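Asks: here is my input; please provide its structure:
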Amino acid sequence: VTVTTTLKARAYKSGAPPSNAVAATYTLQVVAPTIAPGAGSFSTPPTVTLSTSTPDATMHYTMDGSEPTSSSLVYATPFAIAETRTVKAIAVKSGWTTSATSYATYFVSLGTAATPIVTTTGGSPGPVFILLDSATPDATIRYTLDGTDPTPASAAYRFPVSVPGATVIRARAFAPGYTM
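Replies: I've put the predicted structure just below:
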């Protein structure tokens, strides 16, 4: 049996009436994917590998904690997790019942995002321009001009900020996987 199948059988004997027919359904289910490494806390982005022992099965996964379906991302190669995420995976095969869902939550903390570097240009007699930069990869720099600590909701730095005179600017880098 290579796909989910219902088998029916009846016994026959010469000179006797046939037996009652009996049926049995053999349901084949794909083996749930194994997710490696297992769930845990990581200080560097873990590389996640999915596998199943069911030959010719296709694995699908999500990285946002939602339930995977046959329309979810198709697993082809290992992938890195750069921020805290829950990976869920299923395996499917034509004629077989879809596997159970496997999942693993990865808590990734790459450390503290680098303090932004503040430089200025311009000035007397014109306006002063504030330039911000961060050594943290993929960081978004958030800033305030009133001396309060920046939050993830503060203005995002995109280009030099013009300030009319003496101004207290506070800046902080925010990046996936980094603490504030």
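Asks: what's in contact with stretch 29-46?
Replies: With contact meaning C-beta atoms under 8 Å, 6 or more residues apart in numbering, stretch 29-46 is reached by 48-54, 57, 59, 61, 75, 80-82, 87, 89-93, 96-111, 177. C-beta here means a position set from N, CA and C on the backbone, and glycine is covered the same way.
Asks: same check on stretch 17-25?
Replies: Contact with stretch 17-25 is made by 4-12, as judged by C-beta under 8 Å, 6+ apart.
Asks: can those residues go into TSV with extra columns for distance to A36 and pLDDT?
Replies: Listed next are those as TSV, based on distance: C-beta to C-beta, whole Å; pLDDT from 0 to 100:
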residue	distance to A36	pLDDT
T4	29	81
T5	33	85
T6	37	88
L7	37	89
K8	42	92
A9	43	92
R10	48	92
A11	49	93
Y12	53	91
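Asks: quick one: which of the residues you listed is nearest A166?
Replies: Distances from A166 to the contacts of stretch 17-25, taken as C-beta to C-beta, are shortest for T4 (75.8 Å).
Asks: what's the nearest residue to that closest one if we skip its chain neighbours?
Replies: Spatial nearest neighbour of T4, excluding adjacent residues (C-beta to C-beta, 6 or more residues apart in numbering): T27 at 4.9 Å.
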